[in-house]
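S.K.: Sequence first, then the predicted structure, then my questions.
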Amino acid sequence: MRMMRAQTSSAFPITGTPALKRACWFIFAALLIVFSIPSYAHQQKTAVTRLLFNANTGSLEIMHRLFLHDAEHAASVVFGNKQDIIESADSRALFGSYVVNRFAVAIDDSGLLKELTPLYLGEEIDGQYLWVYQEVPDFAASHIDKALKLRVINSVLRDVWPDQSNLVNVERGGNIESITFAVGADSLQVAVP
């Protein structure tokens, strides 16, 4: 009677020493785990807004920088259906409108607030970021030499992720003052020397 040896087939045949086989399987398993993790699990939950007093144009420029991945995920949550910010100009404009409606800035003059009305200029994709632009024309020139207190509201993405952190940098004359909106902070004041 002839003994038959069981043959196994593998879609991933590994030959070599047992140690090499274990190393290859370990690498294969690690790659499977890495590539199977859903991409939406990596929201950064941070955004940066830059307020720049532009002495050349006389305007206050407002630039919001958000991670593109976060923006796409949040847009789908906020608007209730899948938004393709990368491919659709309409989706970008819709999300840009969302951003500017959750941001406000006012001059605090001894407790009297004068809200500024920035113009919405548009949005663009730059690498992994979505930029949303606003501007207050003819503002910086009239306030270039005065110390100011600004009251800022920044609730961008905080309705989607309560632990969202929004950094606001105010730049004037080479100086940068920063405020961070974290859990519980909806309105903050910043002194601009």
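M.R.: Yep, that arrived. Numbering: from 1, shown residues only.
S.K.: Surely residue 170 touches residue 190?
M.R.: Yes: applying C-beta atoms under 8 Å as the test, residue 170 and residue 190 come out as touching, 5.5 Å apart. Glycine gets a C-beta too; all of them are placed from N, C-alpha and C.
S.K.: need the helices for this structure, in chain order.
M.R.: 18-36, 68-79, 89-100 (DSSP state H).
S.K.: Dig out what the closest residue to residue 68 other than its chain neighbours forms beta bridges with.
M.R.: Nearest non-adjacent residue to residue 68, counting by C-beta to C-beta, 6 or more residues apart in numbering: residue 130, 4.9 Å away. Residue 130 has these beta-bridge partners by DSSP bridges: residue 66, residue 125.
S.K.: before we move on, what about residue 52?
M.R.: residue 61, residue 171.
S.K.: and it, what pLDDT?
M.R.: At residue 52, the pLDDT value in this model is 96.
S.K.: which residues does it contact?
M.R.: 60, 61, 62, 63, 171, 172 (C-beta atoms under 8 Å, 6 or more residues apart in numbering).
S.K.: for residue 160, what are its contacts?
M.R.: With the criterion set at C-beta under 8 Å, 6+ apart, residue 160 makes contact with 73, 74, 77, 78.
S.K.: meant to ask about residue 158, not that
M.R.: 102, 164, 166, 181, 186 are the contacts of residue 158 under C-beta under 8 Å, 6+ apart.
S.K.: I'd guessed the first one sits against residue 166; true?
M.R.: So that's residue 102. No: using C-beta under 8 Å, residue 102 is not in contact with residue 166; the gap is 9.4 Å.
S.K.: Quickly list what's touching both of the two.
M.R.: 154, 155, 156, 157, 158.
S.K.: Pretty sure residue 121 sits against residue 134.
M.R.: Yes: using C-beta under 8 Å, residue 121 is in contact with residue 134, at 6.2 Å.
S.K.: So those two - more neighbours on which side?
M.R.: residue 134 (24 against 15; other C-beta atoms under 10 Å).
S.K.: Look up how far residue 192 lies from that one.
M.R.: 17 Å (C-beta to C-beta, to the nearest Å).
S.K.: for residue 61, same thing?
M.R.: Taking C-beta to C-beta, one finds residue 61 at 14 Å from residue 192.
S.K.: Point to the residue nearest the middle of this protein.
M.R.: In the chain, the C-alpha closest to the average C-alpha coordinate belongs to residue 66, at a distance of 2.2 Å (C-alpha atoms, centre = their mean).
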